[in-house]
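> quick one: sequence and predicted model below, then my questions.
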Amino acid sequence: MQKALASFSLLAAAAMAQDLSGVIDLHAHCDPDTSARSVDAIDLAKLARERGMRAIVLKSHQDPTAGLAYIVRKEVPGIEVFGGIALNRTVGGINLAAVDHMAALKGGWGRIVWMPTADAENQVRYYKQNRPFVAIARDGALLPEVRAVIASIARHKFVLATGHSSPEEDLLLVAEARRAGVQQVVVTHPMVPPVNMSIAQMKEAAAGGAYLEFTYLGLIPPVRSTIEEYAAAIRAVGVEHCVLTSDLGRAGDPLHPDGLMLFFRALLKQGFSQTDIDRMSKINPARVLGLQN
């Protein structure tokens, strides 16, 4: 923890003086992981609690995190901690049994099911990698096993997140989720490669009932998007359809609360109001997780 704190930039350190009362981070990477992370789950929860945050969702590309959320809640009372599962190769890909297992896990703190991220077909093809991937669609239609998982998400009242799918796949997922009765859908960082949604596609997803996720990580060099591009997309889609998350956790990046504060400051400079920020960082994420506002 101390080593991670020492890596802050002066700007991030200045942000620590402000609290984040009521903020929810739906996308928080942490240790234990196979990638170098800036903080572990317990220290992250402590830091988020100290800054007044209401909740965090622990995200891993490779491991289910609902059980980790159960342990963190015991060690760090006073903040709501949730987990989820990303349907990558380490959990068997599009694995209905893994989703149903999360629903039965003690505590019931699993909330989000991400379609494939690190192993998504779209990701592997985008980066021209020669390795196995997890497919979700073929010939413009979702695979039967994907539809079965979406039905399970609806049954268990989980959140569907679209992962690193292509824009076309995202829209298929949003449409199927609506048909199946999934209550909450989040389009995972639509402006970050390899997703790269157009504003028209984002608006179509929002019209289908999905939230669009804008992450602070997407603004960190090497530049993926600019804050001006984010601002234009958020205005086009509407703050009522957007959520702000950190997607932080890489070693050397600001810790999650500090990245969020820097994110909010940047959006304020783009002309968004504090009410807009609260809608996207508190109210909308609470609705995603089924929490009372």
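Structure's in. What do you need?

> C-alpha only now, for contacts and for neighbours.
Noted.

> which residues in this structure form strands?
Chain-ordered strands for the chain, with DSSP state E as the definition, fall at 24-29, 55-59, 80-86, 110-114, 137-138, 141-142, 159-161, 184-187, 211-215, 242-245.

> could you measure from the closest residue to residue 118 other than its chain neighbours over to residue 195?
The shortest distance from residue 118 to any non-neighbouring residue, by Cα to Cα, 6 or more residues apart in numbering, is to residue 61 (6.3 Å). As for residue 61, its distance to residue 195 is 16 Å (criterion: Cα to Cα, to the nearest Å).

> ok so, going back, what count of nearby residues applies to the residue nearest to residue 118?
24 (other Cα atoms under 10 Å).

> OK, contacts around it?
85-86, 88, 117-118 (Cα atoms under 8 Å, 6 or more residues apart in numbering).

> most neighbours among the residues you listed, please name it.
Going by other Cα under 10 Å, residue 86 tops the contacts of residue 61 with 29 neighbours.

> quick check: closest non-adjacent residue to that residue.
Spatially, and ignoring its direct neighbours in sequence, residue 86 is nearest to residue 114 (4.5 Å; Cα to Cα, 6+ apart).

> also residue 175?
Distances taken as Cα to Cα, 6+ apart place residue 208 nearest to residue 175, at 6.5 Å, with adjacent residues excluded.

> in this structure that neighbour contacts residue 174, no?
Yes: contact criterion Cα atoms under 8 Å: residue 208 and residue 174 qualify, at 6.4 Å.

> the more surrounded of those two?
Higher neighbour count among residue 208 and residue 174: residue 174, with 27 against 16, using other Cα under 10 Å.

> surely that one is in contact with residue 211?
No: Residue 174 is beyond contact range of residue 211, at 10.0 Å (criterion: Cα under 8 Å).

> residue ranges with poor pLDDT in this structure?
Residues of the chain meeting the criterion pLDDT under 70: 1-18.

> what about the helices in it?
Remark: helices assigned in the chain by DSSP state H are 2-6, 10-15, 41-50, 66-75, 96-104, 121-126, 144-156, 167-180, 199-207, 227-237, 256-269, 274-278, 284-289.

> which one of the strands of the chain lies nearest to residue 252?
Nearest to residue 252 among the strands of the chain is strand 24-29; the distance by Cα to Cα comes to 13.1 Å.

> sheet-wise, list the partners of that closest one with their directions.
In the sheet containing strand 24-29, its partner strands are strand 55-59 (parallel), by DSSP bridges.

> what angle separates the strand it pairs with from helix 41-50?
For strand 55-59 against helix 41-50, the angle by axes from the mean of the first three to the mean of the last three Cα atoms, to 10 degrees is 160 degrees.

> list the contacts of the residue nearest to residue 175.
Counting by Cα under 8 Å, 6+ apart, residue 208 touches 174-175, 178.

> redo those residues as JSON lines? Include distance to residue 47.
Formatted as JSON lines, those follow (distance: Cα to Cα, whole Å):
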{"residue": "174", "distance to residue 47": "34"}
{"residue": "175", "distance to residue 47": "38"}
{"residue": "178", "distance to residue 47": "36"}
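
> tell me which of those residues is nearest to residue 232?
residue 174 (22.3 Å).

> can you put the strands of the chain in TSV and add distance to residue 271?
Converted to TSV, those look like this (distance: least, Cα to Cα, whole Å):
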stretch	distance to residue 271
strand 24-29	22
strand 55-59	26
strand 80-86	31
strand 110-114	31
strand 137-138	39
strand 141-142	39
strand 159-161	28
strand 184-187	24
strand 211-215	16
strand 242-245	16
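
> who wins for proximity to residue 254 among these?
That would be, of those and by Cα to Cα, strand 24-29, which comes in at 12.1 Å.

> the closest one: how far from the chain's middle?
With Cα atoms, centre = their mean, to the nearest Å as the basis, strand 24-29 stands 6 Å off its chain's centre.

> who touches it?
Strand 24-29 is contacted from outside by 37, 53-60, 244-250, 256, 281-282, 285-286, using Cα under 8 Å, 6+ apart.

> need the contacts of residue 61 in TSV with distance to residue 100, can you?
Below are the contacts of residue 61 laid out as TSV (distance: Cα to Cα, whole Å):
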residue	distance to residue 100
85	11
86	13
88	16
117	19
118	22
